[in-house]
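*Asks:* I'd like to go over a predicted model; first the sequence, then the structure.
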Amino acid sequence: MAKKSAIARENKRRLLVAKHYKRREELRKIAKDLTVSEEERERAREALNKMKRDTSPSRLHNRCLLTGRPRGYLRKFAISRICFRQMASMGEIPGVVKASW
């Protein structure tokens, strides 16, 4: 089980990313738009740099919903490989069966 502080930090980042996503995208579009004046593009870049680091989606890390484990994450099920194996063997994940041929 991951530390509760690590899980809380990740949840806080997710909230910040969601809150600032629209503004960040607007600034990124302005900064990349060549039709806008260089001065305005520079202001957009500065505004982006002044935003908190945790508002960037690239700082998010997928974690298991059950344990908070950051590695071995299966996106389709949003859990770690270990939890997936346990739940699949107990038949708790619909449609997942052990392979046999």
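*Replies:* Arrived safely. In this text the structure is predicted, and so the values were computed from the model without any measurement. Numbers count the residues shown, from 1 in each chain.

*Asks:* Now do the buried residues in the lengthiest helix in the chain.
*Replies:* For the chain, the longest helix by residue count, based on DSSP state H, is helix 4-32. By neighbour count on 16 or more other CB atoms under 10 Å, the buried set for helix 4-32 is 7, 10, 13, 16-17, 20, 24, 27, 30-31. In this view, the C-beta of every residue, glycine as well, is placed from N, C-alpha and C.

*Asks:* Which two of those have the greatest separation?
*Replies:* Greatest spatial distance in those: Ile7 and Ile30, 34.8 Å, computed using CB to CB.

*Asks:* Quick check, Ile79 in contact with Arg63.
*Replies:* No. Ile79 lies out of contact with Arg63 (CB atoms under 8 Å); the separation is 9.5 Å.

*Asks:* Need the residues touching each of those two.
*Replies:* Tyr73 (CB atoms under 8 Å, 6 or more residues apart in numbering).

*Asks:* how much space is there between Lys3 and Gly72?
*Replies:* Here Lys3 is placed at a distance of 17 Å from Gly72 (CB to CB, to the nearest Å).

*Asks:* Neighbour count: these two, which is higher?
*Replies:* Gly72 (13 against 9; other CB atoms under 10 Å).

*Asks:* My guess is that one contacts Arg81. True?
*Replies:* Yes. Using CB under 8 Å, Gly72 is in contact with Arg81, at 4.0 Å.
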